[in-house]
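Asks: how would this look folded up:
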Amino acid sequence: MRSMVSSFLELVRLQSEMNKLFEALQHLQSDQDLSQVGFATPYDILEAPDAILVEVDLPGVDPTSLQVEMKGHDLVIRGEHERTPASGIVAYHLMERSRGPFTRRLQVEGSVDSHKASATYAAGVLTIHLPRLPERRGRVTRVPVQVKG
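Replies: Down below sits the predicted model:
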C-alpha cells in the first residue's frame, strides 16, 4: 500500500513538472529560445478582499536582479539565481537546484490596479500585492437627460 501511495505522489510530481514545462513553452515568443526561459519557480495566487497576492518561492535569488511587470492580465517576473562557485569542488555528482536567469509569466484574473502594485522580498519569498479595482459591472450610473427646445 505504501509503495502505491509513493508511486502516486511521484506521478503527481511529474505531472506538475510537465505542466510547468508546457506553461513555459506556451509563453515562448518567437524571439526567445529555451535558454532564456530558465527554471519554473513555484508560486501561489491568493485572493484577499481588496487585492490579489502572488507569492513566489525564490530562495537564494539576489533581490536586486528581480523585475516585476504587468502586461494586461499577465504578470511577468524575471530574475537570476546565480551559481556561486564552491571552493574545492572538482565535479558535481547531482544537480537538482536550478541556476541561471528565469522568466515566469502568470495569468492574473480580475481587474487590478497595476499602477498601485507593490512587491516585497523577504526570507526567499517574493510577495506581489495587486490592489483590486472597484467592480463597475452592475453599478447604476445616472445619465443626465438634456431637454432641447
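
Asks: Next, the distance between the ends of stretch 106-115.
Replies: According to CA to CA, to the nearest Å, stretch 106-115 extends 18 Å from its N-terminal end residue to its C-terminal end residue.

Asks: Over to stretch 82-93?
Replies: With CA to CA as the measure, stretch 82-93 spans 19 Å from end to end.

Asks: Also stretch 23-40?
Replies: Taking CA to CA as the measure, stretch 23-40 stretches 9 Å from start to finish.

Asks: and that stretch, average pLDDT?
Replies: Regarding stretch 23-40, the rounded mean pLDDT is 56.

Asks: low-confidence ranges in the chain?
Replies: Counting by pLDDT under 70, the chain has low-confidence residues at 1-2, 5, 24-39, 85-86, 136-138.

Asks: just the helices in it please.
Replies: Across the chain, reading from the start of the chain, the helices by DSSP state H fall at 2-26, 34-37.

Asks: list the buried ones in stretch 58-77?
Replies: By neighbour count, with 16 or more other CB atoms under 10 Å as the criterion, the buried positions of stretch 58-77 are 58, 61, 66, 68, 70, 75, 77. Every residue, glycine included, has its C-beta placed from N, CA and C.

Asks: Just the C-alpha atoms of that stretch, please, in CSV.
Replies: Extracted as CSV, the C-alpha positions of stretch 58-77 are listed here (Å, rounded to 0.1, in the frame of the first residue of the first chain):
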residue,chain,number,x,y,z
LEU,A,58,12.8,32.4,-4.8
PRO,A,59,15.3,31.2,-2.2
GLY,A,60,18.9,32.4,-2.8
VAL,A,61,17.9,34.8,-5.6
ASP,A,62,19.5,38.3,-5.4
PRO,A,63,16.6,40.6,-5.0
THR,A,64,18.3,43.3,-7.0
SER,A,65,18.1,41.1,-10.1
LEU,A,66,14.3,40.9,-9.8
GLN,A,67,12.0,42.6,-12.3
VAL,A,68,8.2,42.5,-12.0
GLU,A,69,5.9,43.8,-14.8
MET,A,70,2.2,43.8,-15.5
LYS,A,71,1.1,43.5,-19.2
GLY,A,72,-2.7,43.3,-19.3
HIS,A,73,-3.6,40.2,-17.2
ASP,A,74,0.0,38.8,-17.5
LEU,A,75,2.3,39.2,-14.5
VAL,A,76,5.9,38.8,-15.7
ILE,A,77,8.6,38.0,-13.2
